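>>> my questions concern the predicted model and sequence given below.
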There are 2 protein chains.
Amino acid sequence: MSAPQITGWRALREVIHGRILSGTYPPGARLPRDADLAGELGCARTTVQRAMRALADEGLVERKRKGGTRVLARPVTRATFDIPVAREEVEATGRAYGYQLVAREIAETPHSVAAAMGLPAPQRMLRAQALHLADRRPFMYEDRWINLVTVPEIAHVDLTAESANEWLLAHRPYSRYTLRFSAANATPEQAGLLGTQDGAALFVIERCTFLGLAPITCVTALAPPGYALTTGT
Amino acid sequence: MSAPQITGWRALREVIHGRILSGTYPPGARLPRDADLAGELGCARTTVQRAMRALADEGLVERKRKGGTRVLARPVTRATFDIPVAREEVEATGRAYGYQLVAREIAETPHSVAAAMGLPAPQRMLRAQALHLADRRPFMYEDRWINLVTVPEIAHVDLTAESANEWLLAHRPYSRYTLRFSAANATPEQAGLLGTQDGAALFVIERCTFLGLAPITCVTALAPPGYALTTGT
């Protein structure tokens, strides 16, 4: 039987993936060398490399410079989430988006925000608290600090008309971020803003963005019960 | 001035990324054609393609077959999380991992689980409820359904000694998954199992895995206050 000819890396990825799923290459096993696989399956070695990179990106195999390729013994679920801006998240569900500035002030950051930004001490920054609405009901509440050193222009933006997030995305691309998901019980104030009950389980998204080392903004976003982030393959 | 010579795609990615950050290529802008960039920067067109693929994977640009490449006008944060098995999550924090089977039965799935598995109607499956412990304290509670049609051997596994998740990962690789994060108030029973208060805000992870179209397992994992998933770049 002559060897099958595989030209595209996607087809090759599928062949190797199939061998992992069927147990031909069991968890922890070492895969044949790229050159050997290229020979067996009649494709270019660069095609094998591209397919292996895809499998490594998915968390199925581990590539080592000298040790070749291994099937991961305990594959992690490498989940990718697209975290859209609130407007798009709302509009994707067919509801009307609304935005409402709750408060705006220039004040000293809490220590926790300075630490999240990598700053040695609290600084005076712009704080904007706002509600994102879906069909006029609270969708998400955000408490945001914006670094006036990195983004001085924000002091002159009318945040009653435009959300700080959308202004920042349009004018200040970021090169790096940190992100944290957790859950918290609503304080009475948060419950009032979100139209939910005192103590309700809120979904919490904390995100900071940076341009190089310079912090741009840190935001804590709270979503009432019913909110979920989903993904899959 | 002669054009700089760039040979590696990572260096080229950095150059293009820098132009996006500096506003040379503003949000929504069309980038030069691959061939033109290759000419300008003295590199191979395949190098441009590899760099563009990386930028597209990061959610910074959008590639179209005919329309070339655009800077995304509203970049999403494309966040990647590695969701490890509970044992590794606990051990990564330097604590001792423990596992305890709470209940095991063969019963009919709720409609919601059948639906999550893509099944037309509830089926009899193995249900395993278990606690993952960190230094002997509850770290995460899981309520898991395992499809006996896809994984008949699980009926004979001693789940008091080994968690269903670890057995499945070692013996049943999956090709596809769904994943959902949310928050929920603890019921009295959940609060008791997790050693937390009635109504505490729990972090909820719902995951189903599949081999092709065949459902393997669906699990709802609950973590007490203090749990967070973090990522960043």
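Now that the structure is in, tell me what you want to look at. Computed from a predicted structure; not experimentally measured.
>>> stretch A:186-206: which residues count as buried?
Of the residues in stretch A:186-206, those buried under the neighbour-count criterion (16 or more other CB atoms under 10 Å in any protein chain shown) are A:186, A:190-191, A:193-194, A:196, A:199-206. C-beta coordinates here come from the backbone N, C-alpha and C atoms, glycine included.
>>> just the closest of the residues you listed to A:Val71, please.
A:Ile205 (33.9 Å; CB to CB).
>>> in the sheet, who's paired with the nearest residue to A:Arg136 once chain neighbours are set aside?
Excluding the flanking residues, the one nearest A:Arg136 by CB to CB, 6 or more residues apart in numbering or on different chains is A:Gly98, at 5.9 Å. A:Gly98 forms beta bridges with A:Leu133, as assigned by DSSP bridges.
>>> circling back: filter the buried residues of stretch A:186-206 by proximity to chain B?
Subset of those in contact with chain B: A:Gly199, A:Ala200, A:Ala201, A:Leu202, A:Phe203, A:Val204, counting by CB under 8 Å from any CB of the partner chain.
>>> now, among those residues, which is nearest to B:Glu108?
B:Glu108 has its nearest neighbour among those in A:Ala201, at 28.3 Å by CB to CB.
>>> contacting residues for that closest one?
Neighbouring residues of A:Ala201 by CB atoms under 8 Å, 6 or more residues apart in numbering or on different chains: A:Ala183, A:Ala184, A:Asn185, A:Ala186, A:Pro225, B:Ala183, B:Ala184, B:Asn185, B:Ala201, B:Leu202.
>>> quick one: strands adjacent to the helix or strand of chain A with the lowest mean pLDDT?
Counting by mean pLDDT, DSSP states H and E, the weakest-scoring helix or strand in chain A turns out to be strand A:77-83, with a mean of 75. If you go by DSSP bridges, strand A:77-83 pairs up with strand B:77-83 (antiparallel).
>>> mind listing residues that contact the strand it pairs with?
By CB under 8 Å, 6+ apart, the residues outside strand B:77-83 that reach it are A:59, A:76-83, A:177, A:179, A:207, B:57-59, B:179, B:205, B:207, B:229, B:231.
>>> quick one: name whatever helix or strand follows that strand.
Heading C-terminal from strand B:77-83, the first helix or strand you meet, by DSSP states H and E, is helix B:86-91.
>>> okay, among the contacts of A:Ala201, which ones form the most distant pair?
Greatest spacing in the contacts of A:Ala201, by CB to CB: A:Ala186 and B:Leu202 (13.9 Å).
>>> all helices for chain A, in order.
Applying DSSP state H to chain A gives helices spanning A:9-22, A:34-41, A:45-57, A:86-91, A:111-116, A:164-171, A:188-194.
>>> the inter-axis angle of the third one versus helix A:9-22?
Taking axes from the mean of the first three to the mean of the last three CA atoms, to 10 degrees, one finds that helix A:45-57 is oriented at 50 degrees with respect to helix A:9-22.
>>> how far off helix A:34-41 does helix A:45-57 point, in degrees?
110 degrees.
>>> what does helix A:45-57 contact?
By CB under 8 Å, 6+ apart, the surrounding residues in contact with helix A:45-57 are A:6-10, A:12-13, A:16-17, A:20, A:31, A:34-35, A:37-38, A:41, A:61-63, A:69, A:78.
>>> what residues of it count as buried?
Neighbour-count burial for helix A:45-57 [16+ other CB under 10 Å]: A:Thr47, A:Val48, A:Arg50, A:Ala51, A:Met52, A:Ala54, A:Leu55.
>>> avg pLDDT for that helix?
The average pLDDT within helix A:45-57 is 88.
>>> do the same with the longest one
Model confidence over helix A:9-22, given as mean pLDDT, is 84.
>>> what's it in contact with?
For helix A:9-22, the external contacting residues (CB under 8 Å, 6+ apart) are A:6, A:25, A:31, A:37, A:41, A:43, A:47-48, A:50-52, A:54-55, A:60-61, A:71, B:173, B:175, B:211.
>>> how is chain A carved up into domains?
What the record gives for chain A is the domain set A:9-71, A:86-223, from automatic domain parsing.
>>> first-to-last residue distance for the last one?
Terminal residues of domain A:86-223 are spaced 11 Å apart (CA to CA, to the nearest Å).
>>> one more: the first one?
Domain A:9-71 stretches 18 Å from its first residue to its last (CA to CA).
>>> indicate which one of the domains of chain A is closest to B:Ala116.
domain A:86-223 (19.3 Å).
>>> show me how far the closest one is from its chain's centre.
Distance, stretch centre to chain centre, for domain A:86-223: 15 Å (CA atoms, centre = their mean, to the nearest Å).
>>> below-threshold pLDDT in chain A: ranges please.
Along chain A, the model assigns pLDDT under 70 to residues A:1-6, A:67, A:73-77.
>>> can you count the residues close to A:Arg144?
A:Arg144 has 22 neighbouring residues, counting by other CB atoms under 10 Å in any protein chain shown.
>>> residues of stretch A:88-104 that come out buried?
By 16+ other CB under 10 Å, the buried positions in stretch A:88-104 come out as A:Glu89, A:Val90, A:Tyr97, A:Gly98, A:Tyr99, A:Leu101.
>>> OK, contacts around the fifth one?
Contacts for A:Tyr99 (CB under 8 Å, 6+ apart) come out as A:Ala86, A:Arg87, A:Ala130, A:Leu131, A:His132, A:Leu133, A:Glu162, A:Ser163.
>>> what is the burial count for A:Tyr82?
Residue A:82: Asp, not Tyr. 14.
>>> ok, it to A:Arg124 distance?
Per CB to CB, to the nearest Å, A:Asp82 is found 34 Å from A:Arg124.
>>> which residues does the nearest residue to A:Leu229 once chain neighbours are set aside bridge with?
Using CB to CB, 6+ apart and skipping the chain neighbours, the partner closest in space to A:Leu229 is B:Phe181 (4.6 Å). With DSSP bridges as the criterion, B:Phe181 is bridged to A:Leu229, B:Ile205.
>>> quick one: buried residues of the least confident helix or strand of chain A?
For strand A:77-83, the neighbour count (16+ other CB under 10 Å) marks A:Thr77, A:Ala79, A:Thr80, A:Phe81, A:Ile83 as buried.
>>> with the residues you listed in mind, which one is nearest to A:Glu105?
When the buried residues of strand A:77-83 are compared for distance to A:Glu105 (CB to CB), A:Ile83 wins out at 26.5 Å.
>>> what sits opposite the closest one in the beta ladder?
With DSSP bridges as the rule, A:Ile83 is bridged to B:Thr77.
>>> which of the buried residues of stretch A:88-104 sits closest to B:Arg137?
Among the buried residues of stretch A:88-104, A:Glu89 lies closest to B:Arg137 (CB to CB), at 35.5 Å.
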